[in-house]
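Enquirer: Predicted structure and sequence below. I'll ask about it afterward.
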Amino acid sequence: MSHSPHEESALVASETDGSAPVIEPGHTYASVTDQISAIVLTRPTSRGWVFGFAISFSLLMAFLYATAYLFAVGVGIWGTTVPVGWAFPIVNFVWWIGIGHAGTLISAVLLLLHQEWRTSINRFAEAMTLFAVSCAGLFPLLHLGRPWLFYWLLPYPNTMDLWPNFRSPLIWDAFAVTTYFTVSILFWYMGLIPDLATLRDRAKNRLPRVIYGIMAMGWRGSAAHWQRYETAYLLLGGIATPLVVSVHSIVGMDFAASLIPGWHTTFSPPFFVAGAIFSGFAMVMTLMIPLRWAYGLQDFVTMRHLENMAKVILATGSMMAYGYAAEVFFAYYSGNQYERFMVLNRALGPYAWSYWALIACNVAVPQLLWFQSVRRNIPALFIISLIVNVGMWLERFVIVVISLHRDYLPSAWRIYAPTVWDFTHLVGSIGLFMTLLLLFTRLLPMISIFELRELVHKTRDEV
Amino acid sequence: MAQIFHPSMNTLSKATIFGGLFLVASLAFAWDRFNRSAYMTDADVVRDQPVPFSHEHHVRGLGIDCRYCHTTVEQSAFAGIPATEICMNCHSQIWKDSPMLQPVRDSYRSGKPLKWTRVHDVPDFVYFNHSIHVAKGIGCESCHGRVDQMPLMRRTQTLQMGWCLECHARPQEFIRDRKDIYEFGKPARTDAREHGQELVKEYGIDKKQLQDCWICHR
């Protein structure tokens, strides 16, 4: 691997400025490969994993049960009703798709920016992205009155001679999410190929060798392979980069293109993107902290990673704070009575609790991350990341529900109340997410082995 | 270490990549053909009727006008299925002992209408009105086909929305003079295109409105 003087100086700087290294010293190619592939190949399934999987899988079954009931009876099982026609399902959709933004940001943007510290967390963040986008993609479909006709969202020659309405952001959304999912899965799989070959070569039994072998697509690690691989990976990174902003911008436009006070704002797209990165990094942190502990990966996911992620959370959290302030200012400055009422209704209306909880979770709590002692305190980071996850869910609740429940016509106002099925779908989707994630940690290397080997090589040069 | 895969796997895996694409494309194509097939649409499928009524005989053979039996086609959404009495106008005099017509006579005697099987039926969420089509120059033939050549009734069109829209998008290609509404097989005019445009204008057809959702889904 060639590395530019720029990268080297970055590494040296990290060594000299007192921050933790991106990989603990003393590791060799073999020790890295052993330790990570062992999680999949040789270590027995731990009790903790089985316990976690049992809970996640039960929640997934609850999700499937609720979905079967939904298909049988219809969307009336939810609390969703006029004027709150977008409720929990859309809140959950935006929440999940936001979480799914960390993967591409870490993988593609930080790859292009030569940020070495991404190496230990990119594989995991990409997997998390895929699973979050899978959860996200389900909600708009479940929210359809006739979900079995979901393919009507796509433009294809049909017997009705009809095309979707290309002027609607909702159809851009269908494209954005499917594109994002496709590119993310390609990027993730591409990154896995050399590691799949490692697993194929190290597996003891025939079946895993055949399965990993098929998935490795004949990877032999020749120089020609690596040369093409690096080019293709960079190209994919370039393709994935615009998606970091496009997907959530379009989700923002779903709201901005409507005329509802609280939705109809030009700053929605960038505000949504900042929120997405905020929640995505929080979710990576929420998951990485217990995982590095459970699998003893402290050498690879070091304090440096956690601290850097905390800084990203702090930065994007501050952007969110700016967004909330801007919203209030716009309402005042516009002089529009509906906009002003919307802000007052958020702060003082029947759902004021959710607004103030959101401000507490997304604005107040992340400010603690200004302190290095907090950024290096693992339990504190874990709790803050959980609070941010909750805060970002509340943020979508505030946007969707509070804006809709009191719009222009007071005669149409209504208090929205979710039902038990709303909560089943929300919690069940977390079950789906965790089930996929646990299967991933068990069956595939959750840290990129070959990129860590590269990192060992580079850091050894420095030492 | 022994090889896991035989060298032939190289060819096989390349074949699966392209074969997979080909398979998906073929499945999509097959699915589309299936949706447009007679199995799905019932187009060109002859239905069982209580009496094997021949439109060919009555329309072409005897020259009976469509409106003699389908009495409300010019006034109402529904063209009308003839009452038994209309059949009996003639069949009390001719073929009055034919065993084929026994159900007609039974119906006449008992007062219970014949249960014809409907051949042309649009879904309930579609608002279709015969009178406006007839008034604006759409001939029977355009939708029902050469009924004068059908010994037994069948549908020649799919009645799928795409088919409706063919005409709603380009009415000038299907419109005819009002005097020709009930004619079958009249040769096309040499100036059909210009004449169609003129008729669209003359009959006051707003083409833009014709493709609005609400025009059929009310």
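Expert: The structure has been received and is ready for your questions. Numbers count the residues shown, from 1 in each chain, chains lettered A, B, ... in the order given.

Enquirer: Can you tell me the closest non-neighbouring residue to the residue of chain B found nearest chain A?
Expert: Residue nearest to chain A within chain B: B:G162 (3.4 Å; CB to the nearest CB). C-beta here means a position set from N, CA and C on the backbone, and glycine is covered the same way. Sequence neighbours aside, A:D161 is the residue nearest to B:G162 in space, at 3.4 Å (criterion: CB to CB, 6 or more residues apart in numbering or on different chains).

Enquirer: For burial, what's the neighbour tally of residue 207?
Expert: Because you didn't say which chain, this covers chain A. Residues near A:L207, counting by other CB atoms under 10 Å in any protein chain shown, number 8.

Enquirer: try again with chain B
Expert: Neighbours of B:K207 using other CB under 10 Å come to 12.

Enquirer: what sits against A:I415?
Expert: For A:I415, the contacting residues are A:P350, A:H405, by CB atoms under 8 Å, 6 or more residues apart in numbering or on different chains.

Enquirer: Assign a three-state SS to it, would you?
Expert: Following DSSP: H, G, I helix; E, B strand; the rest coil, we place A:I415 in the coil state.

Enquirer: how close does it sit to A:P350?
Expert: Distance from A:I415 to A:P350, counting by CB to CB, to the nearest Å: 6 Å.

Enquirer: where do the contact lists of these two overlap?
Expert: Residues touching both A:I415 and A:P350 (CB under 8 Å, 6+ apart): A:H405.

Enquirer: My guess is the residue nearest to B:G162 contacts B:C167. True?
Expert: No. Counting by CB atoms under 8 Å, A:D161 does not reach B:C167; the two are 11.3 Å apart.

Enquirer: can you pull out the helices in chain B?
Expert: Assigned by DSSP state H, chain B shows helices spanning B:8-35, B:38-41, B:55, B:66-69, B:84-91, B:102-110, B:130-135, B:140-144, B:161-169, B:192-202, B:207-210.

Enquirer: For burial, what's the neighbour tally of the nearest residue to B:N10 once chain neighbours are set aside?
Expert: Nearest non-adjacent residue to B:N10, counting by CB to CB, 6+ apart: A:G218, 7.0 Å away. Close neighbours of A:G218, defined as other CB under 10 Å, add up to 14.

Enquirer: quick one: contacts for A:G218?
Expert: B:M9, B:N10, B:S13.

Enquirer: would you turn these into CSV with neighbour count?
Expert: Listed next are the contacts of A:G218 as CSV, based on neighbours: other CB atoms under 10 Å in any protein chain shown:
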residue, neighbour count
B:M9, 15
B:N10, 11
B:S13, 13
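
Enquirer: quick check, nearest of the residues you listed to B:D32?
Expert: Nearest to B:D32 out of those is B:S13 (CB to CB; 29.2 Å).

Enquirer: Contact partners for the closest one?
Expert: A:I214, A:M217, A:G218.

Enquirer: Against B:L165, how distant is it?
Expert: Taking CB to CB, one finds B:S13 at 44 Å from B:L165.

Enquirer: Write out the residues of chain B neighbouring chain A.
Expert: B:4-5, B:9-10, B:13, B:28, B:32, B:35-36, B:158, B:160-162, B:165-166 (CB under 8 Å from any CB of the partner chain).

Enquirer: Please repeat the previous calculation with a cut-off of 10 Å.
Expert: Counting by CB under 10 Å from any CB of the partner chain, chain B comes close to chain A at B:1, B:3-5, B:9-10, B:13, B:16-17, B:28, B:31-32, B:35-36, B:40-41, B:158, B:160-166, B:168-169, B:211, B:213.

Enquirer: residue contacts, the nearest residue to B:A77 once chain neighbours are set aside?
Expert: Closest residue to B:A77 apart from its sequence neighbours, by CB to CB, 6+ apart: B:N129 at 4.2 Å. Listed by CB atoms under 10 Å, 6 or more residues apart in numbering or on different chains, the contact partners of B:N129 are B:S76, B:A77, B:F78, B:A135, B:C216.

Enquirer: Which pLDDT value belongs to the fourth one?
Expert: Going back to what we said before, that points to B:A135. The model reports B:A135 with a pLDDT of 95.

Enquirer: Return the residues in contact with it.
Expert: For B:A135, the contact set (CB under 10 Å, 6+ apart) comprises B:E74, B:Q75, B:N129, B:R178, B:I181, B:Y203.

Enquirer: If you tally nearby residues, what's the number for the fifth one?
Expert: Which is B:I181. 21.

Enquirer: so it touches B:H144, yeah?
Expert: No. B:I181 is not in contact with B:H144 according to CB atoms under 10 Å; the separation is 11.7 Å.

Enquirer: Overlap of the contact sets of those two?
Expert: Here B:I181 and B:H144 share the contacting residues B:C66, scored by CB under 10 Å, 6+ apart.

Enquirer: quick one on the thing from earlier: reformat the contacts of A:G218 as JSON lines; add distance to A:S385 and pLDDT.
Expert: Formatted as JSON lines, these follow (distance: CB to CB, whole Å; pLDDT from 0 to 100):
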{"residue": "B:M9", "distance to A:S385": "45", "pLDDT": "85"}
{"residue": "B:N10", "distance to A:S385": "46", "pLDDT": "86"}
{"residue": "B:S13", "distance to A:S385": "42", "pLDDT": "86"}
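
Enquirer: hmm, back to that, for the contacts of B:A135, name the two members farthest from one another.
Expert: B:Q75 and B:Y203 (17.7 Å).

Enquirer: could you pull out the helices for the stretch 301-450 of chain A?
Expert: For the stretch 301-450 of chain A, the helices defined by DSSP state H, counting those that start in this stretch occupy A:303-334, A:337-348, A:352-359, A:372-375, A:378-397, A:403-405, A:420-443, A:449-462.

Enquirer: Which of those helices has the lowest mean pLDDT?
Expert: Confidence, taken as mean pLDDT, is least for helix A:449-462 of those (a mean of 78).

Enquirer: Where does the prediction get shaky in the chain?
Expert: Picking chain A for this. Along chain A, the model assigns pLDDT under 70 to residues A:1-20, A:460-463.

Enquirer: hm, I was asking about chain B
Expert: Scanning chain B for pLDDT under 70 picks out the ranges B:1-2.
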